[in-house]
Structure formats: C-alpha cells, structure tokens
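J.: Dropping the sequence and predicted coords here.
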Amino acid sequence: MRLIIAAIATTIAIASCQKKDNNAATPSDVSITIASPTGATAYHSGDTVFMNADISYATELHGYEVKITDTASGFVVYDDAQHVHDDHFSIRDKWVNTASTALVYKLAIIIAIDHDGKKAEKDIYFQYQP
Amino acid sequence: MKRSILALLLLTIQMHASACDVCGCSASNQYLGLLPQLHWNFAGLQYEYSSFSSTHPSLFEGLPDEHAADYYNTVQAWGRYNIGKRLQAFAFVPYHFNRDHSDTSHSATSGLGDISFLLDRIMISDKGMGNSWGHQLIAGAGLKLPTGRNMGITAPDRLGLPNLQPGTGSWDFIINSNYTVRYKKLGLNLDAAYTFTTANKHDFKYGNRLNAGLLAYYSPKPAANITFLPQAGLRYSYTLHDYDNYSKKWLNEQSGGYLLYADLGVQTYYRQFGLRINYQLPLSQYYGAGYVNAGGKINVGIFILF
C-alpha cells in the first residue's frame, strides 16, 4: 500500500513539472512579409485595398493588429486585432476608401510576440488619389 | 485505519505542493463525493450549472480589453456497479449545453461530452458495530474517452476559460480515492481525483488537474425508510497550465489555477430512491492568471439504488 501511494505521488510530482519553450522573444526575428499593398500602388476612390501578409517566427506568436493611419491627420481609419496562437499565419484583410482628398496612408502590421508587451512591427506607405 | 487516513492526506498534500504557481481549472472535473450505500449498485441523473467571467487585457495599445461570460450546463447519467465483493465500476456520460457571451459575439455549443469510467477497489469496508466507528475506503483508476466533439483551440480557450466545447478530444487517465469515516450519526468524507491529460489530435493539451473535497455530514433518521444527510465542507480544484501546442511546448500561462469552494448540500433517501442538492460558493480563487472569475455552482441529482 505504502509503495503504491509513493509511486502515485512520484508520478503526479513528475507530471506536474511543466516544460516550456524558452525561446527569448526577439522582435527582430519575426518575419513579416507584406505582399499587398505595395508602396508603388496608387489607390482611387472605391478601390479595395487588400492587405495580405505572411508572418512567421521561431516560436508561438499571440496575435496581430492591422492598422491604417492617415499620415496627415494621424487618424486611424482602419484597425483590426486578432488573437492567433501559432508560429506562422497569414493575414487577409481588406478596406475600401472613399475619401475626397489625396492622402498618404501608413499600413502597420503589429505582431504580439508575448503577453508582456513585446511586439514586432512592419510599416508600408501607400498613396490615395480620389 | 490511522495509516490509511494519513496516506490519503499525504497524497492530497503532495499533489497540491508539487504543482506550479500560476494555474487554472476546468469545467470537466469529475468527482464522486459522498456516495450512497457502499455495496449497492446505483444509477443516477444529475445536473450541474456553473459560470465563469473573464477579462482579457488587450494585446495592443489603444484597443479595449475583452470581456466574456461563459455558462456551463451539464446533464450527466452516471452509475455504479459492484463486480464481486471488492470491485466497483463507475460510468459517467455527460451532455453539455454551454454558452459564451463576449463583447463582440455570442455562441452556444451542445453535445455529448467525454464519457469516463472508473474501476475502484474497496480497500476498507468496516461498518462498525452499533453506534461505534465505521469507515470505508475505495480507490482506483479510470479513463476518460474523447467522445465529445472538439474543434481545436477556440477563442474562449485563448482567454483562459475552461473548455467550452463538449469534449476535450483527448484520452485522459484518472486516479481516485474516496474515504468515509463515521461515528454514530456524524461522518466525514474525503475524496480526491487526479486526472493525467494527454494531447489531443490538434496537439492541444489541457492541464492535469486535481479535484479534492472534504465533507462533514450528519445523518438523522426522521422516519423509517427515510435517510437525511445535510452536509457541509470544502472543495478544491487545481489545474495546471494548458499547452497550446504540446509537441512544441507552448505553455499557456494564462490558463489553469485553483478554486476553493464552500460546499453545502443535502442528500435524502426514501427506500431505494435518492436525491441530492449541492451549492458550491467560491471562497478563494486564482484562475487564468487572475483574469477569470468563477461563479457559484449548483448540482442537483436523483438516483436509484438496486
């Protein structure tokens, strides 16, 4: 009986040790490839801006934010944040602009590497001509 | 007897002390509690309601925190069958109706849950003589089958909430013990169950969990054929962190934790028919890294002895 209890207690103690991936969060190692939009493209009123990006990293990522900012006023005109728990994923978002003035927009793709605030970011600027 | 009680207490304490600091709990904890007549078979139906609310801080600057409230309803058929004089088989067949209300969406899931079995051995069965001491101990092991639907990691899982889906998708192994000591009309029940989880086909692994309870009861006999058992005690559950991906050792440190409940209830029997009602009120908790709060639990069951 004593032996059984000792064996069970040992098994539980071993099973309670939780190994974890200890890769240090390194924002510069996150690969963010933005396929669209490209800096060379000029968009017109009613055009759909497709935001396509592929993300990869050595270990688990926790989420992303896709944000478009009007560089003249600083207003955020599009913002989408999602939780993702994977080491690679794709972003497929879209936005249609109908503003009446010519503007330069900044698309920022921000990746949450952990829950402690470590992030990686890649920006791209594109033109809008109504 | 002293040695058995000491061994059980040691086992419970060991399970608690060896786990990590920040952990959580699961909706699918299975435990026996105070059981009716040791040598009788029984079949029963029980209903359990529990709820959790959570706040998940935004990962990104300027965006609001996310809030969710989850409601778990389980109807479970269960029973015990004696195999010979020393062995007891238990079976649990749950059906879940769960709802999730978050800031941005509402969802509901229902379906057959994970069926589990236990095979226990009667280690001690001492009824005592007349008004003297009596005690009983059963202990054994079991298996939880992946019979409930599981779609892999979901948004509530990411918020550290217990499994909202009907099933975990994993084969889990259970060890349990249940000890009852009685003196005259007073009794004490100590039960503990530990579940060793495995990764499911999505490589998600729910945390191992301990569920233990200590119940004191009183058993007046108001009339012939009627037994009445008011009971009060504590129930404790402790769950290790989940793994988002077990092969890659992606530990979700915002999952798991402990819950300590005050447990109040009553069991009553008329001939072979039984009824039990329990309410569990959280006294202390640290769950989902502190972002998840458990509400009270209600458990109502009927059973028939045969």
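T.: Right, received. Where do you want to start? Everything numeric in this text was worked out from a predicted model, so none of it was measured.

J.: Show me what counts as buried in the lengthiest strand in chain A.
T.: Of all segments of type strand in chain A, defined using DSSP state E, the longest is strand A:48-70. Using 16 or more other CB atoms under 10 Å in any protein chain shown as the test for burial, strand A:48-70 gives A:49, A:51, A:53, A:55, A:57, A:59-70. From N, CA and C alone the C-beta is placed, and that goes for glycine too.

J.: count of neighbours near B:Gly62?
T.: 10 (other CB atoms under 10 Å in any protein chain shown).

J.: For B:His67, give the beta-bridge partners.
T.: B:Thr55 (DSSP bridges).

J.: which ones are touching it?
T.: B:Ser53, B:Ser54, B:Thr55, B:His56, B:Ser102, B:Asp103 (CB atoms under 8 Å, 6 or more residues apart in numbering or on different chains).

J.: For the fifth one, give me the pLDDT.
T.: Right, the one you point to is B:Ser102. The confidence metric pLDDT takes the value 84 at B:Ser102.

J.: Neighbours of it, how many?
T.: 18.

J.: Run through the residues of chain A sitting next to chain B.
T.: For chain A, the residues in contact with chain B (CB under 8 Å from any CB of the partner chain) are A:1-2, A:5, A:8-9, A:11-13, A:15-16, A:18-21, A:59-60, A:62-63, A:65, A:76, A:79, A:81, A:83, A:85, A:87, A:110, A:112, A:115.

J.: So how do I select the buried members of those residues in PyMOL?
T.: Listed next is the PyMOL selection for buried residues among those, using 16+ other CB under 10 Å:
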select buried, chain A and resi 5+8+9+12+15+16+18+59+60+62+63+65+81+83+85+87+110+112
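
J.: State the mean pLDDT of the helix or strand encompassing B:Ser237.
T.: Using DSSP states H and E, B:Ser237 sits in strand B:226-239. Strand B:226-239 shows a mean pLDDT of 94 in the predicted model.

J.: Which residues belonging to it are considered buried?
T.: B:Thr227, B:Phe228, B:Leu229, B:Gln231, B:Gly233, B:Arg235, B:Tyr236, B:Ser237, B:Tyr238, B:Thr239.

J.: Any idea what the fifth one is bridged to?
T.: According to DSSP bridges, B:Asp263 are recorded as the beta-bridge partners of B:Gly233.

J.: Quick check: the gap between it and B:Ala294.
T.: For B:Gly233, the distance to B:Ala294 (CB to CB, to the nearest Å) stands at 18 Å.

J.: Wait, B:Ile122 touches B:Arg86, no?
T.: Yes - using CB atoms under 8 Å, B:Ile122 is in contact with B:Arg86, at 5.2 Å.

J.: So for those two, which residue has more residues nearby?
T.: Each of B:Ile122 and B:Arg86 has its neighbours counted (other CB under 10 Å); B:Ile122 has more, 18 against 12.

J.: Across the sheet, point out what pairs with the more buried one.
T.: Following DSSP bridges, B:Ile122 is listed with bridge partners B:Ile138.

J.: on that earlier part again, just the angle for the helix or strand that the longest strand of chain A is followed by relative to strand A:48-70, thanks.
T.: Beyond strand A:48-70 on the C-terminal side, the first helix or strand identified by DSSP H and E is strand A:76-96. Interaxial angle of strand A:76-96 relative to strand A:48-70 (axes from the mean of the first three to the mean of the last three CA atoms, to 10 degrees): 170 degrees.

J.: packing partners for strand A:76-96?
T.: strand A:48-70, helix B:155-158 (3 or more CB pairs under 8 Å, 6 or more residues apart in numbering or on different chains; DSSP states H and E).

J.: continuing past that strand, what's the next helix or strand?
T.: strand A:103-112.

J.: chain center to whichever helix or strand comes after that following strand, what's the gap?
T.: Remark: after strand A:103-112, the chain's next helix or strand is strand A:119-128, criterion DSSP H and E. Distance of strand A:119-128 from its chain centroid, counting by CA atoms, centre = their mean, to the nearest Å, is 12 Å.

J.: got it, and stretch A:38-53?
T.: Counting by CA atoms, centre = their mean, stretch A:38-53 comes out at 19 Å from the chain centroid.

J.: quick one: average pLDDT of that stretch?
T.: Across stretch A:38-53, pLDDT averages out at 90.

J.: who's in contact with it?
T.: With CB under 8 Å, 6+ apart as the criterion, stretch A:38-53 contacts A:32-37, A:66, A:68, A:90-100, A:107, A:109, A:122, A:124-130.

J.: give me every residue that touches B:Met123.
T.: So B:Met123 contacts A:Met1, B:Ser4, B:Leu137, B:Ile138, B:Ala139 (CB under 8 Å, 6+ apart).

J.: what does A:Ser100 give?
T.: Going by CB under 8 Å, 6+ apart, A:Ser100 touches A:Ser45, A:Pro130.

J.: Please report how far it lies from B:Leu215.
T.: For A:Ser100, the distance to B:Leu215 - CB to CB - is 72 Å.

J.: do B:Leu143 as well
T.: According to CB to CB, B:Leu143 and B:Leu215 sit 26 Å apart.

J.: after the helix or strand bottoming out on mean pLDDT in chain A, next one along is what?
T.: Lowest by mean pLDDT, DSSP states H and E among the helices and strands of chain A is helix A:2-15, with a mean of 80. As assigned by DSSP H and E, the chain's next helix or strand after helix A:2-15 is strand A:31-36.

J.: Residue ranges in the stretch 151-300 of chain B under the pLDDT threshold?
T.: B:153-162 (pLDDT under 70).

J.: Quick one: name the residues of it near chain A.
T.: So far as CB under 8 Å from any CB goes, the stretch 151-300 of chain B lies against chain A at B:153, B:155, B:158, B:175, B:194, B:196, B:207-208, B:240-241, B:243-245, B:248-254.

J.: try it again with 6 Å
T.: In this structure, the stretch 151-300 of chain B approaches chain A at residues B:Arg158, B:Tyr194, B:Phe196, B:Asn208, B:Leu240, B:His241, B:Asp244, B:Lys248, B:Lys249, B:Trp250, B:Leu251, judged by CB under 6 Å from any CB of the partner chain.
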